[in-house]
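K.L.:
Test case, fold it:
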Amino acid sequence: MQDHLPLDSCLAQFYEGEISKKELEGFIFEHILNNCRSFYLNDWEEEECVDFLCWLYPRLSRCIGNYRYEGASFTAYLTTLVRLSAKEFRLAEREHRIIERSYWNAAAAEMAVHNPEPDYLAETAPKRPFRPIANRRQALILLLKSYCFVSDDFIARAAPAIGVGEEKLMQMVEDMRSIRFEQDLEIRSLRERIYGQYFRCKTFEHRRNTSAEGTPRYYIMQKRLERAEKRLKNMKRALKAIKSGASNRQVARILGVSKGTVDSNIHAVKYRLNENRQNDGGAAFPGV
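P.N.:
The predicted structure is shown next:
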């Protein structure tokens, strides 16, 4: 089949059974690619044009069966299809770029925060146990309230300083994690939803900013952005209402003491911390 044959002649050959549908589709594909100017694709790069035609292929296949001669030639019919589809393709590609850019802008800071820091002293400075602590009960209470931030290595080093066996202290921390499991699961789930909602807000914002001001699309994106931001604000409020750390009552349950005992020890720690801060920022817990 020669490239100079018009599309209408090729379609006639297909109707007469001289060529198969696959052969006709292949010729249409090559004809559009070799005559981009005729199909308003003259400013497209060749790779972009190939990507577009691959995306358009299902429509090209359907248009062969849907075409009915009603005064317009098959070439004109196909040209209109390609021209309108090209606008849709570029709009979809722009939307994908906006979404991708929004994702990376939203995730860049998060990824930077989670980059692991190099452990320069891992081989040169062996980790030693902490020095004994004067008020061991207060230190134990603080450790349990900070259960989600302590590692097994930290527990092993802190146990002698607090005066509690390593296995017993490890068990206390595990018990606290078990008590807090449902709440922590709810907090993690809500944080993930907040992150996803923030991503949606950034996407709507980029879509609005890339739309001409005053157009229906601009106002639609503005309304969606306002609703998304309102929902994000409510989700953040809900997260703030959930207690993220171990409560004094839960610590008292682990230690087998009254809640008032934990309250008084926490109050004493806060008082000493504020006092030390007023004295030129001295260490809140000498000996640690």
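K.L.:
Check what pLDDT His4 gets.
P.N.:
The confidence metric pLDDT takes the value 42 at His4.
K.L.:
repeat for the one 5 residues further on
P.N.:
For Ser9, the model assigns a pLDDT of 86.
K.L.:
Leu225: how many residues sit nearby?
P.N.:
20 (other C-beta atoms under 10 Å). C-beta here means a position set from N, CA and C on the backbone, and glycine is covered the same way.
K.L.:
What of the one 5 residues further on?
P.N.:
With neighbours defined by other C-beta under 10 Å, the count for Lys230 comes to 11.
K.L.:
pLDDT below threshold where in the protein?
P.N.:
Along the chain, the model assigns pLDDT under 70 to residues 1-5, 70, 98-127, 129, 280-288.
K.L.:
in it, which spans are helices?
P.N.:
Taking DSSP state H to define them, one finds helices in the chain at 7-15, 21-34, 46-66, 74-113, 136-145, 152-162, 166-179, 181-209, 216-241, 248-255, 259-278.
K.L.:
what does the shortest one contact?
P.N.:
Spelled out, that is helix 248-255. With C-beta atoms under 8 Å, 6 or more residues apart in numbering as the test, helix 248-255 has contacts from 140-141, 144-145, 172, 175-176, 179-180, 258-259, 261-263, 266.
K.L.:
if we go to 7 Å?
P.N.:
141, 144-145, 172, 175-176, 179, 258-259, 261-263, 266 (C-beta atoms under 7 Å, 6 or more residues apart in numbering).
K.L.:
Can you give me the distance of Ile133 to Leu142?
P.N.:
10 Å (C-beta to C-beta, to the nearest Å).
K.L.:
again with Leu185
P.N.:
On the measure of C-beta to C-beta, Leu185 and Leu142 end up 24 Å apart.
K.L.:
Looking only at neighbour counts, state which of those two leads.
P.N.:
Just comparing Leu185 and Leu142: by other C-beta under 10 Å the higher neighbour count belongs to Leu142, 16 against 10.
K.L.:
Please list all residues in contact with that one.
P.N.:
Contacts of Leu142 by C-beta under 7 Å, 6+ apart are Val269.
K.L.:
go on, the one 3 residues further on?
P.N.:
Residues in contact with Lys145, defined by C-beta under 7 Å, 6+ apart, are 245-246, 251.
K.L.:
Any chance of TSV for those, columns distance to Arg97?
P.N.:
TSV is the format used below for the contacts of Lys145 (distance: C-beta to C-beta, whole Å):
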residue	distance to Arg97
Gly245	41
Ala246	45
Val251	50
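K.L.:
In the residues you listed, which residue is surrounded by the most others?
P.N.:
Val251 (27 neighbours).
K.L.:
circling back: let me know the closest of the contacts of Lys145 to Pro216.
P.N.:
Comparing the contacts of Lys145 against Pro216 with C-beta to C-beta places Gly245 closest, at 48.0 Å.
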